[in-house]
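[1] I would like the atomic coordinates for the input below:
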Amino acid sequence: MFSDPAKNVPYFGLAEGNRVADFGAGSGAYSLEMAKRVGSSGMVYALEVQKEVLERLAREAKAQKCHNLKVIWADVDKLGGSKLPDNSLDAVLLANVLFQSDQKYTMILEAKRVLHAGGLVIIIDWSGSFNQLGPVPERVIKPEGVKEITAQAGLKFLNDFPAGANHYGLIFQK
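    A predicted model of the protein is given here:
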């Protein structure tokens, strides 16, 4: 029912040594999977506004001896809120976070800000409400809506990928 990081992360095209951020990391399933992909010379920044969730993820990363994952308490709904430097990352993942935000455009601009030229914004979100298993219907953002926002932000649509039965996946480039 939910999107599967082990199946979805290969679509991201990550390589050893990449530096990536997981905006709204939550439990960190995507962060941990990406950390495997970027290897010991790479880095994953797991950003989350909920401190207790972030603390659990930090403990899990330590238990898994995942030394290339750094947790950051951040509000990605604000420009500069990620606390990451400009033009410093290869990719930013927004998995199941856009539907929650009232500042979607600002969040996309923040992702763009931290990417170097050619960097990727990867978006996975709910394709529907599914009897409230996903977000309430009025919070669902369709792929067309995401494409409009990212185009306004100056990102180029590259491709989509199958992100699970109830999710879509989209990749954009700075």
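[2] In its sheet, which strands sit next to the top strand by length along the chain, and in what direction?
    For the chain, the strand with the greatest residue count under DSSP state E is strand 115-126. Here strand 115-126 has these sheet partners by DSSP bridges: strand 89-95 (parallel), strand 167-173 (antiparallel).
[3] Highest mean neighbour count out of these?
    Mean neighbours per residue, mean count of other CB atoms under 10 Å, is largest over the strands paired with strand 115-126 for strand 89-95, with a mean of 25. Bear in mind the C-beta positions are built from the backbone N, C-alpha and C, glycine included.
[4] Show me the shaky parts of the protein.
    Applying pLDDT under 70 to the chain picks out residues 1.
[5] one more time with 90, if that's ok
    For the chain, the stretches with pLDDT under 90 are 1-3, 129-135.
[6] ok, and what's touching stretch 159-168?
    Applying CB atoms under 8 Å, 6 or more residues apart in numbering, the external contacts of stretch 159-168 come out as 1-4, 7-8, 11, 96, 124-128, 130, 133-134, 143, 169-171.
[7] could you redo the last one with a cut-off of 10 Å?
    1-4, 7-8, 10-12, 95-96, 122-130, 133-134, 141-143, 146-147, 169-173 (CB atoms under 10 Å, 6 or more residues apart in numbering).
[8] picking up where we left off before, off-centre distance for the longest strand of the chain?
    7 Å (CA atoms, centre = their mean, to the nearest Å).
[9] And stretch 147-155, by the same measure?
    In terms of CA atoms, centre = their mean, the centre of stretch 147-155 is set 16 Å apart from its chain centre.
[10] got it, and stretch 72-85?
    Relative to the centre of its chain, stretch 72-85 is centred 13 Å away, using CA atoms, centre = their mean.
[11] Give the buried residues for it.
    Neighbour counts over stretch 72-85 (16 or more other CB atoms under 10 Å) mark 72, 74, 76, 77, 81, 82, 84 as buried.
[12] looking at it, the fifth one is touching residue 48, isn't it?
    Yep, that's residue 81 we're talking about. No. Assessed by CB atoms under 10 Å, residue 81 is found out of contact with residue 48, at 11.7 Å.
[13] Quickly list what's touching both of these two.
    23, 74, 75.
[14] any idea how far the second one lies from residue 129?
    Counting by CB to CB, to the nearest Å, the separation of residue 74 from residue 129 is 28 Å.
[15] Okay, helices next: where are they in the protein?
    Counting by DSSP state H, residue ranges of the helices within the chain are 5-8, 29-38, 51-63, 104-114, 143-152.
[16] Out of the ones you listed, the one nearest residue 88 is which?
    helix 104-114 (5.8 Å; CB to CB).
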